[in-house]
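1. Mind folding the following:
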Amino acid sequence: MSRWAVILAGGVGSRFWPISTPARPKQLLPLVSDRPLLRDSFERLTPIVDAENILVLANAGLEEAIIDLLPELPAENLVTEPAPAGTAAALAWAALEIARRDSEEATMLCIHADWSIADDDEFRATLLRAEEVALERNALVTVGIVPTRPDPGFGYIQRSPAQAGAPTMVKRFVEKPDRVAAAEMCDAGYLWNSGIFVWRVEDFLVETRSHAKELATALKKASAGKTAFFAAVKNPVSVDVGVLERSSRVTVVPGEFGWDDIGTWSALKRVRPQDEAGNVTCGVAYVRDGSHNVVHAETGTVVLYGVDNLVVVARDGLTLVTTNEKAADLKKLLESLPEPLRSPR
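-> Below you'll find the model as predicted:
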């Protein structure tokens, strides 16, 4: 049995505007450590997966940046999508590639490039536990994170009754709930939906062909190559909706390794060091007589005085000032701005 890993590195990370742009998206930025998120994700995997067996799926146009960032990655292992087609299509193409290069008996460890992980060793141990379950049960395995708070920003997984910590069948996936429902789900033993998946290539392809009707035409055209495959995806769908929610072969393995999807600027307070007043700063920044602020100064110097709960981001003559609460809604802001501001170079 051979082991492969797939890193999903698509998306533009608009909620990290103005630092994150289509030409330099979130996964290429050093938001958690002094290295870009994608670099951290790659090195997190290499102790258990050879670089030759890691595929990176990314948006077209990011080839040069990713090659520079991951010189160890074989050129043929960087797979760019001609256009966004959803995670179901991306993982289906990755599975077909692994089957072509290796075998349908190979396993796939699937992660996203833009997460924060506090405990790398436990992260890897959980992936290997999930792999064992996938092989023993011929299952599609997802890793569910044991919640540390009732967070309405995450999806949730309801699992069948089982002993604490044991792998169990998934009863249902729940889209992002409101805060009251999130608290009820935490009390009821639901897990956060991390987006970490492990399966045998054959098992995933069987379930995808059986359930993901959105990919039926693309799968038939796969033998004609990547361009034909992705061009045939007319209705992009996530792997959660297209495959996992429709399959009866999905098992969840609980995980506790400090996972966070750091979806907004204010989320950096959870993953970066804070001062005694709860401020998080990056770059040359000073906060005086203020608390719970997030400051990211890519250029210049930022000084905050006597203010609380702000997000301030400065880059190349462009400065964003908002609140921690409003920082989660930057997509709405961007829609109202002129194009040169939405995509600064």
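2. which residues in the stretch 101-250 of the chain form helices?
-> 120-137, 179-187, 201-211, 216-220, 226-231, 239-242 (DSSP state H, counting those that start in this stretch).
3. Let me know which of those helices is tucked in deepest.
-> Burial of the helices of the stretch 101-250 of the chain is given as mean neighbour count (mean count of other CB atoms under 10 Å); helix 239-242 ranks first at a mean of 22. Quick note: C-beta positions are derived from backbone N, CA and C, even for glycine.
4. Kindly list the longest strand within the chain.
-> strand 294-305 (DSSP state E).
5. For the residue nearest to Ala94 when sequence neighbours are not counted, give me its contacts.
-> Nearest residue to Ala94 in three dimensions, chain neighbours excluded: Val6, at 4.6 Å (CB to CB, 6 or more residues apart in numbering). Shown in contact with Val6 (CB atoms under 8 Å, 6 or more residues apart in numbering): 54-57, 91, 94, 108-111.
6. Just name the closest of those to Arg124, please.
-> If you rank the contacts of Val6 by distance to Arg124 using CB to CB, Leu109 comes first, at 9.4 Å.
7. Looks like that closest one contacts Trp199 (just checking).
-> No - between Leu109 and Trp199 no contact is recorded; they are 9.1 Å apart, counting by CB atoms under 8 Å.
8. out of those two, which sits in the more crowded spot?
-> Between Leu109 and Trp199, counted using other CB atoms under 10 Å, Trp199 has the larger neighbour count: 29 against 26.
9. how far away is the more buried one from Phe173?
-> Computed as CB to CB, to the nearest Å, the Trp199 to Phe173 distance reads 16 Å.
10. List the neighbours of the following helix or strand past the longest strand of the chain that are in contact with it.
-> Under the assignment DSSP states H and E, the closest C-terminal helix or strand after strand 294-305 is strand 310-315. Judged by CB under 8 Å, 6+ apart, the contacts made with strand 310-315 from elsewhere in the structure are 18-19, 265-266, 283, 285, 290, 293-300, 302, 304, 319-324, 326-327, 344.
11. So which bits of stretch 283-296 are buried?
-> Along stretch 283-296, these residues count as buried under the neighbour rule (16 or more other CB atoms under 10 Å): 285, 287, 290, 292-296.
12. hmm, I was thinking of stretch 74-89
-> Of the residues in stretch 74-89, those buried by neighbour count under the rule 16+ other CB under 10 Å are 77-81, 84-89.
13. how distant is it from the center of its chain?
-> 15 Å (CA atoms, centre = their mean, to the nearest Å).
14. Output that stretch as CSV, nothing but the C-alphas.
-> Coordinates of the C-alpha atoms in stretch 74-89 are reproduced here as CSV (Å, rounded to 0.1, in the frame of the first residue of the first chain):
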residue,chain,number,x,y,z
PRO,A,74,8.1,17.7,-8.5
ALA,A,75,6.8,20.0,-11.2
GLU,A,76,4.2,17.4,-12.3
ASN,A,77,2.8,17.3,-8.8
LEU,A,78,1.6,20.9,-9.0
VAL,A,79,-1.9,20.6,-10.5
THR,A,80,-3.5,23.9,-11.5
GLU,A,81,-7.2,24.2,-12.2
PRO,A,82,-8.2,26.1,-15.3
ALA,A,83,-11.1,27.5,-13.4
PRO,A,84,-12.6,26.9,-9.9
ALA,A,85,-14.6,23.7,-10.0
GLY,A,86,-15.2,22.9,-6.3
THR,A,87,-13.4,20.5,-4.0
ALA,A,88,-15.3,17.4,-5.3
ALA,A,89,-13.9,17.9,-8.8
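15. Can you tell me which of the contacts of strand 310-315 are buried?
-> Buried residues within these, counting neighbours by 16+ other CB under 10 Å: 18-19, 265-266, 285, 290, 293-298, 302, 304, 320, 322, 324, 326-327.
16. domains of the chain?
-> By the assignment in automatic domain parsing, the chain contains the domains 3-260, 265-342.
17. Dump these into JSON lines; add mean pLDDT as well.
-> Converted to JSON lines, the domains of the chain look like this (pLDDT from 0 to 100):
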{"stretch": "domain 3-260", "mean pLDDT": "93"}
{"stretch": "domain 265-342", "mean pLDDT": "92"}
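18. thinking again about what came up before, relative to Pro36, which of the buried residues of stretch 74-89 is nearest.
-> Proximity of those to Pro36, judged by CB to CB, is greatest for Leu78, which lies at 14.9 Å.
19. Can you report phi and psi for the nearest residue to that closest one once chain neighbours are set aside?
-> Using CB to CB, 6+ apart and skipping the chain neighbours, the partner closest in space to Leu78 is Val56 (5.2 Å). Recorded main-chain torsions at Val56 are phi -120, psi 120, according to degrees, to the nearest 10.
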